Each structure stands twice: as C-alpha cells, then as structure tokens.
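Novice: please work out how this folds:
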Amino acid sequence: MTIDDEAFWELVEDEYAALPKHLVAGLDNVAIFVEDRNLDEPDLLGIYEGLDVTEREGYGYGELPDRIVLYREALADISADEEELRREVHITLVHEIAHYWGLDDDQLHALGWA
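Specialist: Take a look at the predicted model:
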C-alpha cells in the first residue's frame, strides 16, 4: 500500500496515543522521526538510536534526544491495508520503545515483539 507523509504521521500519532501508559510513562529525551526508508537496510521497519536506560550514567544535561525512527515505505510495503499498517506501526513502536527500556532483540522475540 502507499501512504503520504501527513497521513502516516497522523497514524503514528494515533498508535502512539494507544500504547499502554506504563510503556511510555517515563520516556525521557526521546524523539520520534519518520523517514521513507533506511538506505543501509531497506526492509528495516524502525530503529532505536540512543542509550537505553540501563546505560545512562551521567546522561541528561544537554544531550541530544535519543531517536526512534519509523520507516514509512518499509512499513507500507508489508501492509495490505490501513488496518494492517496500524498494527505494524504499533508493533514497531512497542519494539523500539522496549529497546529504550533495555530489552534486546532476543528478549523481545521471547515476548513475541520481534
């Protein structure tokens, strides 16, 4: 499917608002970005760039925000319709926020989020 930037951002905002409060409470200095596609890994759906909370010694003052990047085209490529795209965005947000909390891909896989 295809979706333009504005409609995708609205979808991301809706799905972020629908996340469990215990997952997003306490997120600190994290920004969400949308890009078309990761040039190095074109099928990558999202990525967390930053230090997870388990690695943040002396972190905080004047630091640039950590980033969660969602890749619009890659997510749209694996989605047949808007309902499926919403589900994939939701899962990707949970996955990347979990990295912020210090969970690695093996742990996420065990929990069914990878």
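Novice: can you tell me the element residue 27 falls in?
Specialist: Using DSSP states H and E, residue 27 sits within no helix or strand.
Novice: same thing with the one 4 residues further on?
Specialist: Under the assignment given by DSSP H and E, the secondary-structure element containing residue 31 is strand 30-35.
Novice: which parts of that strand are buried?
Specialist: Going by neighbour count (16 or more other CB atoms under 10 Å), the buried part of strand 30-35 is 30, 32, 34. In short, each C-beta sits where N, CA and C put it, glycine included.
Novice: now the first one: how far from residue 51?
Specialist: Pointing back at residue 30 there. Look at residue 30 and residue 51: by CB to CB, to the nearest Å, they are 11 Å apart.
Novice: same deal with residue 94?
Specialist: From residue 94 to residue 51 the distance is 19 Å (CB to CB).
Novice: alright, that wraps it up for me.
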